[in-house]
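J.: need the 3D shape of this:
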Amino acid sequence: MAERVYLYEPLSTPSFTLQAARGELKLDCGFDPDTVAVDPEGGEAVGAMRLTEIDGVVSVRFWVAQERRGSRLGTELLRTIAPVVFASGARRLETRLPVQDLAAIRSAMRAGFRPDSGLARGAACDGSHAVGLGLLPDDGRGPAPRALPDLPGGALSDGTISLRPLRPGDFETHLRHRTSPDVYSGAALPLPPSVGEVAEVCEWRASLDWLRGRAALMVIDDGTGYQGTIGLYDVARIVGTAMIGYDLSSPARGRGYATRAVRLACRWAFEEVGMDRIWAGTDVHNAASQAVLRRAGFTLEGIEKGGLPALDGSRRDTLVWARLSTG
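T.: Model (predicted):
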């Protein structure tokens, strides 16, 4: 990789002055910066970057001082340096971030960086899995388009239940729920997840899948806490379709929570996400789930022969249901 200084003259913004890093500068940022953001009043470094180039592709690492995190300074850093990099003739600006650094991923996406497909195992600077994001000259300076926006106000509610994203703090409750036989027996493959799988979903995978537009996993809460989950999966924004799936803990069943949750999720999918068709599959013997879908406005479309695997290696038939945005 070739290394060079892109910023020859300081570049001032209301939040910082961006300038070439001095050789004697020492920051606890995990890399040797070549560009530093200095507070215009105090003069201390509040952010830093390192840029390397190979064949017109510039990779950037960026850092924000602890006291400035949450102020969207990372987004400002990337937005400020991008025109300088592209003016130099670069055809792509990219960053590779640990999958658990969701704040940095959000910063990059607000600066217009778009997630690449797939995850790179062990490719992050700390040895963890990484997600790559890239920006092209014609992508503009606005936020990257998202197939799945954040929930308005952080949650959906009908006054009885609310839906909000799964969080790392849900780990213990989610583990108990997902490893309960009466819950996992209704899963696509009726087996309990491992502790590691549940931890991964809670810590980063659910949030990252949401940011990347893959799936939206939400907790069903009746005001007393976690009662189950509902999610949109297999989101296909181009054709406007997604699958819906849900589960409730035993004590929460029989109260209409599942129907309410499906209605809330569909309303958000149709009105906020822009989906046109939501579909679901149920085991042919799962009468309770079928009743939920009927009450939520879904129509039975037919039988999918061998739609799901069974533990003995055979295939199970499923019923296919759907609801359209038009009614």
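J.: domain assignment for the protein?
T.: Domain ranges of the chain: 2-139, 152-324, per automatic domain parsing.
J.: could you redo those domains as CSV and give each row mean neighbour count and mean pLDDT?
T.: Yep, even glycine has a C-beta here, placed from its N, CA and C like the rest. Shown next, in CSV, are the domains of the chain (neighbours: other Cβ atoms under 10 Å; pLDDT from 0 to 100):
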stretch, mean neighbour count, mean pLDDT
domain 2-139, 17, 91
domain 152-324, 17, 95
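J.: mind putting those into JSON lines with distance to Arg146?
T.: Output for those, formatted as JSON lines (distance: least, Cβ to Cβ, whole Å):
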{"stretch": "domain 2-139", "distance to Arg146": "7"}
{"stretch": "domain 152-324", "distance to Arg146": "6"}
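J.: and of those domains, who's closest to Pro145?
T.: Closest of those to Pro145 is domain 2-139, at 7.7 Å (criterion: Cβ to Cβ).
J.: what's the helix ranked longest in the chain in contact with?
T.: Assignment by DSSP state H gives helix 73-87 as the longest helix of the chain. With contact meaning Cβ atoms under 8 Å, 6 or more residues apart in numbering, helix 73-87 is reached by 6-7, 11, 13, 15-16, 18, 35, 37, 46-47, 49, 51, 58, 60, 62, 64, 93, 95, 103-104, 107-108, 110-113, 135, 137, 141.
J.: again, but for stretch 120-127
T.: Contacting residues not belonging to stretch 120-127 are listed as 30-31, 61, 96-99, 128-132 [Cβ under 8 Å, 6+ apart].
J.: before we move on, what about stretch 277-297?
T.: Stretch 277-297 has contacts (Cβ under 8 Å, 6+ apart) with 186, 232, 240-246, 253, 258-259, 262-263, 266, 269-270, 298, 300-301, 303-304, 307-308, 316-325, 327.
J.: out of those, which are inside helices?
T.: Reading helices off these with DSSP H, I get 258-259, 262-263, 266.
J.: can I get those residues in TSV including distance to Asp170?
T.: As requested, the ones in helices among the contacts of stretch 277-297 are arranged in TSV below (distance: Cβ to Cβ, whole Å):
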residue	distance to Asp170
Ala258	18
Thr259	23
Val262	20
Arg263	23
Cys266	23
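J.: and these, which two are furthest apart?
T.: Among the ones in helices among the contacts of stretch 277-297, Ala258 and Cys266 lie farthest apart (Cβ to Cβ), at 12.5 Å.
J.: for Glu272, which residues are in contact?
T.: Glu272 neighbours (Cβ under 8 Å, 6+ apart): 149, 152.
J.: that one in helix, strand or coil?
T.: Of the three states, Glu272 takes helix under DSSP: H, G, I helix; E, B strand; the rest coil.
J.: and what of the one 3 residues further on?
T.: For Met275, the assignment made with three-state DSSP gives coil.
J.: isn't it right up against Ser325?
T.: Yes. Counting by Cβ atoms under 8 Å, Met275 does reach Ser325; the two are 6.7 Å apart.
J.: quick one: the helices in the stretch 151-300 of the chain?
T.: 171-178, 181-184, 195-200, 206-211, 257-268, 287-295 (DSSP state H, counting those that start in this stretch).
J.: show residues contacting the fifth one.
T.: Under the contact criterion Cβ under 8 Å, 6+ apart, helix 257-268 has outside partners 151, 156-158, 160-161, 163, 218, 220, 222, 227-228, 230-232, 244, 246, 248, 278, 289, 292-293, 295-298, 323.
J.: returning to what we had before: which one of the ones in helices among the contacts of stretch 277-297 is nearest Pro181?
T.: Pro181 has its nearest neighbour among the ones in helices among the contacts of stretch 277-297 in Ala258, at 18.5 Å by Cβ to Cβ.
J.: quick one: that closest one and Val284, what's the gap?
T.: To Val284, Ala258 is 18 Å away according to Cβ to Cβ, to the nearest Å.
J.: can you check Val46 too?
T.: Counting by Cβ to Cβ - Val46 and Val284 are separated by 60 Å.
J.: what's across from Ser157 in the sheet?
T.: Beta-bridge pairing for Ser157 (DSSP bridges): Ser162.
J.: and what of Ser12?
T.: Thr17.
J.: just checking, it touches Asp39?
T.: No. Using Cβ under 8 Å, Ser12 is not in contact with Asp39, being 11.5 Å away.
J.: show me what contacts Ser71?
T.: Shown in contact with Ser71 (Cβ under 8 Å, 6+ apart): Ser15.
J.: roughly how far does Met109 sit from Leu78?
T.: Applying Cβ to Cβ to Met109 and Leu78 gives a distance of 10 Å.
J.: where do the helices of the stretch 1-150 of the chain begin and end?
T.: Using DSSP H, counting those that start in this stretch, helices in the stretch 1-150 of the chain cover 73-87, 102-110.
J.: for the nearest residue to Gly213 once chain neighbours are set aside, give me its contacts.
T.: Leaving out its chain neighbours, the residue that sits closest to Gly213 by Cβ to Cβ, 6 or more residues apart in numbering is Ala147, at 3.0 Å. Ala147 makes contacts with 213, 235, 237, 273, as judged by Cβ under 8 Å, 6+ apart.
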